[in-house]
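Trainee: have a look at this prediction, sequence included:
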Protein chains: 2
Amino acid sequence: MAEVVGEMVRSRTRDEILSVAARLFSQVGFKGTSLHDIAVEVGCSKATLLYHFDSKEAILLELVAPAARDLAALDAKTSELDTATAQEAAIEGFVDLVLAYRREVALIYADLPHLLEHPAFADLQPATTRLVTTIAGRSADPAAQIAARVLLAGITAVAIECDDPAELRPALVRVARRALVPGA
Amino acid sequence: MAEVVGEMVRSRTRDEILSVAARLFSQVGFKGTSLHDIAVEVGCSKATLLYHFDSKEAILLELVAPAARDLAALDAKTSELDTATAQEAAIEGFVDLVLAYRREVALIYADLPHLLEHPAFADLQPATTRLVTTIAGRSADPAAQIAARVLLAGITAVAIECDDPAELRPALVRVARRALVPGA
DNA sequence: TCAGATCTTGACCGATCGGTCAGACTGTGA
DNA sequence: TCACAGTCTGACCGATCGGTCAAGATCTGA
């Protein structure tokens, strides 16, 4: 029982560090946020941050890992479906993912070149590329690929700014279908 | 004549500073780029950079000013047109603008919150908002507004990565029309 | 009560940051 | 030749950065 309480106490500081860091990283960027900034908002010291995390970068990596993992899972899932089903599932799945992970996606978006250097995210780019292809209806037409990339980037950018995911979801799915699905 | 030669010499270093800074700012961000980084690539000293520009921030502001100005001009131009003509002109004008200023748009994109604090860019957000409305066909439907924002952000993101603007232009215009224009 | 584990911190570190300035170099026109 | 303007720079500045560490506080189980 005491172990559980200990875990909860430890989790509280650690979770608060992640929460504050996520907010600051998405507002002013990874480089625009200092350990000092995070510590002040959490109400602890820089040394506390670095007791819980190996480095500033480790905080970022821990924040974005779940979203990166779910992106890879979505890619894997849609690879197994036929073209039309996969396109629909990819559109809805992607919209749901970016709405669920708005902040994390903002971090990935802002620091993609930097994150791509990290081994943990080596598959991020290929997975994204495959997802683009799926959303383009597996079309070889360059215009369809471009359209898919426009919609993915646009959905991401708008989702990031969003306060009401439930209201936004149908509109995002609709604009993607309209732009990408034949006869939509 | 000597004045002209002097102008050319002065312009050369200054232009090179802007060119290198634009590339570095768009690759690793304003905060991710140091005066030292820029100086090393230009082949001069930090003091030379600050001889030609008042500050690091002044370099950024000078880089993005033309694009911001042309965005405002596009907004002004399309405000005077009827809805359908304005929508089409705004779509094409916006695509042309982001293709012409890919790097500068990347800088604006990455540092928007920071830039919006500067008086010179106070109208950037309102102009962008009006452009969204124009591209949405001046529709009051929130879904149309969302669709317009998705397309603007998506076109911007894809244009930034682009190597061949001439090839990309028709595809960008087409996906915007398809997503936004009734009966397209 | 006490040893050990966990959490926290102030002081400090080397490195880098944006920026300044006195002085040197170059070019020019009188 | 020389005064002046324009360009450039090395050395330096104060501030901030990411990170370390010895030590203290707290909690826990025996």
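Mentor: Arrived safely, thanks for sending. Numbers count the residues shown, from 1 in each chain, chains lettered A, B, ... in the order given.
Trainee: make it CA atoms for all contacts and neighbour counts henceforth
Mentor: Fine.
Trainee: just give me the neighbour total for A:R12.
Mentor: Each residue near A:R12 was counted by other CA atoms under 10 Å in any protein chain shown, and the total is 12.
Trainee: quickly find the element holding it.
Mentor: Per DSSP states H and E: A:R12 is located in helix A:2-28.
Trainee: report the rounded mean pLDDT for the helix or strand that comes right after that helix.
Mentor: Using DSSP H and E, the helix or strand that follows helix A:2-28 in sequence is helix A:35-42. What helix A:35-42 shows for mean pLDDT is 96.
Trainee: how about stretch A:90-100?
Mentor: pLDDT averaged over stretch A:90-100 gives 95.
Trainee: could you do stretch A:147-159 as well?
Mentor: 93.
Trainee: likewise for stretch A:115-130?
Mentor: So the average pLDDT for stretch A:115-130 ends up being 84.
Trainee: please state the offset of that stretch from the chain centre?
Mentor: 12 Å (CA atoms, centre = their mean, to the nearest Å).
Trainee: next, the buried residues of it.
Mentor: When burial is assessed from 16 or more other CA atoms under 10 Å in any protein chain shown, stretch A:115-130 yields the following buried residues: A:L115, A:F121, A:L124, A:A127, A:T128, A:R130.
Trainee: over to stretch A:101-109?
Mentor: Result for stretch A:101-109 [16+ other CA under 10 Å]: buried residues A:Y101, A:R102, A:R103, A:E104, A:V105, A:A106, A:L107, A:I108, A:Y109.
Trainee: which one of the residues you listed sits closest to A:G43?
Mentor: A:R103 (21.7 Å; CA to CA).
Trainee: quick check: the farthest pair among the buried residues of stretch A:115-130?
Mentor: Largest pairwise distance in the buried residues of stretch A:115-130, by CA to CA, is 18.6 Å, between A:L115 and A:R130.
Trainee: out of the buried residues of stretch A:115-130, which is nearest to DNA strand C?
Mentor: Checking these against DNA strand C by CA to the nearest atom of the strand gives A:L115 as the nearest, at 18.6 Å.
Trainee: what helix or strand is the residue nearest the centre of chain A located in?
Mentor: Central residue of chain A (CA atoms, centre = their mean): A:V105, 2.8 Å from the mean position. Using DSSP H and E, A:V105 sits in helix A:102-110.
Trainee: for that helix, list the C-alpha coordinates in PDB.
Mentor: Provided in PDB are the C-alpha atoms of helix A:102-110 (Å, rounded to 0.1, in the frame of the first residue of the first chain):
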ATOM      1  CA  ARG A 102      -3.200  17.800 -30.200                       C
ATOM      2  CA  ARG A 103      -0.300  19.000 -28.100                       C
ATOM      3  CA  GLU A 104       2.000  16.100 -28.800                       C
ATOM      4  CA  VAL A 105       1.400  16.500 -32.500                       C
ATOM      5  CA  ALA A 106       2.200  20.200 -32.200                       C
ATOM      6  CA  LEU A 107       5.500  19.200 -30.600                       C
ATOM      7  CA  ILE A 108       6.300  16.600 -33.300                       C
ATOM      8  CA  TYR A 109       5.300  19.100 -36.000                       C
ATOM      9  CA  ALA A 110       7.500  21.900 -34.600                       C
END
